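Asker: Kindly generate the corresponding structure for this input.
(2 chains)
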Amino acid sequence: MGSTKGAAVPDQTSSGSDGKTNRWPGTRVVGFGIAAVVGLLALGAAFLFLNLPDADTFDARVERIFIENDDLTGAAEIRLLEILASSGTAFAEVLQSYRVIIFILMVFATALLVTSLVFLVTIVALNRRMAEIERTGLEVNSLLISRDERVVVLNTMEFKLTEAAIETLAVLAEARMDDDILTGAEIEAVIQGKPAADCDEAAGATRIKRLRDSLGNQMVSELLVKNIARKGYVLAIDRNVIRMM
Amino acid sequence: MTRTALILAFALLALPAHAQCFADYKAKQDDPLRLHYGVAEISGDCAVGNAERQLRQRLARGGWELLNVVGVFGPDGLDERRGSAGPNFLRF
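Answerer: This next block holds a predicted model:
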């Protein structure tokens, strides 16, 4: 999805928002997954605690045997029935402790499931992000233009530019902050302070070319200063990362 | 002569009412389960319903819960139950 959109509009901002729309259902799915896991645990715990027999069940069984059989009245027989009931009670106590152990194990299992789910989703998100970064080649987190020093700081990289190039970059940055796309003639017009109709498209294109050249790395500047067909030039960065000094 | 005959006749008539009545029953205590079979004397009407009412009260005082009354019988039935009831023979 990101690649098709990226082909149509090679714009950093659009792919950034793509990432956000991709991530949002992801977190919702994670929420549902965790809720489902916790719900399953709660259901299991409820079954565990409701379905296992307790001590009274055995006693009631023995009591019924005693009531229903009128010949079980001898002292020895009664003593045996009592022993039967007490062994049942002991067994029920064992079951009780097993139940607690099973519950603790289930809690652990749930914690592990939730953790693994979160990690899985994190890995998927990171992979997507890595792929995005690989595709982009350059992720601009901050662009700092210092007109006085004629320096532009891209993330942590510092580039010295000529007066003209810094002028062009500043114009592009301002246009980017306004979400504008400038043609070569418009760039020239802003710099020269003349109406765009009086300016030459080629002059603007030359400025762009010089800016790209002076930024040194042709590929980096190609990624940074985008040319949109029949529209003009634009900085391929999020406008929120631009700061003017 | 007729007076003594009359008294005798009354005495004979009154005999079943005065005859001793016994009931054997089953009772229990909870936590831990203790069972108990016993024989007890019943006053008044010699019937299972009456025996149940009386025994429930008497056993509750001793901390036992009546499960059921097996049956009621006269003094002639005592001996065969003496062994089974053991220490609970005429205890309550």
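Asker: Quick one: classify the residue nearest the centre of chain B as helix, strand or coil.
Answerer: By Cα atoms, centre = their mean, the mean C-alpha position of chain B lies nearest to residue B:22, the distance being 2.5 Å. Three-state assignment for residue B:22 (DSSP: H, G, I helix; E, B strand; the rest coil): strand.
Asker: what's the pLDDT at it?
Answerer: Taken from the predicted model, the pLDDT recorded for residue B:22 is 89.
Asker: Does it touch residue B:77 like I think?
Answerer: Yes: in this structure residue B:22 lies within contact range of residue B:77 using Cβ atoms under 8 Å: 6.7 Å. C-beta: built from backbone N, CA, C; applies to glycine.
Asker: what about the strands in chain A?
Answerer: Along chain A, counting by DSSP state E, strands occupy A:143-146, A:151-154, A:157-160, A:225-228, A:232-235, A:242-244.
Asker: in chain B, which ranges drop under the pLDDT threshold?
Answerer: Counting by pLDDT under 70, the low-confidence segments of chain B come to B:1-18.
Asker: Enumerate the residues of it near chain A.
Answerer: Listed as neighbours of chain A in chain B under the rule Cβ under 8 Å from any Cβ of the partner chain: B:24, B:26, B:28, B:30, B:32-37, B:67-68, B:70, B:83-86.
Asker: rerun at 10 Å
Answerer: Taking Cβ under 10 Å from any Cβ of the partner chain as the contact definition, chain B meets chain A at B:24, B:26-39, B:65, B:67-68, B:70-71, B:81, B:83-88.
Asker: What subset of those residues is buried?
Answerer: By neighbour count, with 16 or more other Cβ atoms under 10 Å in any protein chain shown, those hold B:24, B:26-28, B:33-39, B:67, B:70, B:81, B:84-86, B:88 as buried.
Asker: Narrow the residues you listed to those in strands?
Answerer: Using DSSP E, the members of these that fall within strands are B:24, B:26, B:27, B:28, B:34, B:35, B:36, B:37, B:38, B:39, B:67, B:70.
Asker: Quick check: the third one vs residue A:72, distance?
Answerer: As defined by Cβ to Cβ, to the nearest Å, residue B:27 lies at a distance of 14 Å from residue A:72.
Asker: quick one: common contacting residues for those two?
Answerer: With Cβ atoms under 10 Å, 6 or more residues apart in numbering or on different chains applied, the overlap between the contact sets of residue B:27 and residue A:72 consists of A:66, B:35, B:37.
Asker: dump the residue contacts of the closest residue in space to residue A:110 that isn't next to it in sequence.
Answerer: Leaving aside its sequence neighbours, residue A:110 sits nearest to residue A:41 (Cβ to Cβ, 6 or more residues apart in numbering or on different chains; 4.5 Å). Under the criterion of Cβ under 10 Å, 6+ apart, the contact list for residue A:41 reads A:103, A:106, A:107, A:109, A:110, A:111, A:113, A:114.
Asker: just for chain A, where's the confidence low?
Answerer: Filtered on pLDDT under 70, chain A yields the residue ranges A:1-27, A:53-55, A:137-138, A:216-223.
Asker: Find the nearest non-adjacent residue to the residue lying farthest from the centre of chain A, please.
Answerer: Computed with Cα atoms, centre = their mean, the residue of chain A farthest from its C-alpha average is residue A:74, at 74.5 Å. Distances taken as Cβ to Cβ, 6+ apart put residue B:84 closest to residue A:74, at 5.4 Å, once the chain neighbours are dropped.
Asker: That neighbour and residue B:36 touch, don't they?
Answerer: No: here residue B:84 lies out of contact with residue B:36, judged by Cβ atoms under 10 Å, at a distance of 11.1 Å.
Asker: any common contacting residues for the two?
Answerer: When contacts are counted by Cβ under 10 Å, 6+ apart, residue B:84 and residue B:36 have A:73, A:75, A:78 as shared neighbours.
Asker: Point out the residues in chain A that sit beside chain B.
Answerer: Within chain A, the positions adjacent to chain B are A:55-56, A:58-60, A:62-82, A:84-86, A:88-90 by Cβ under 10 Å from any Cβ.
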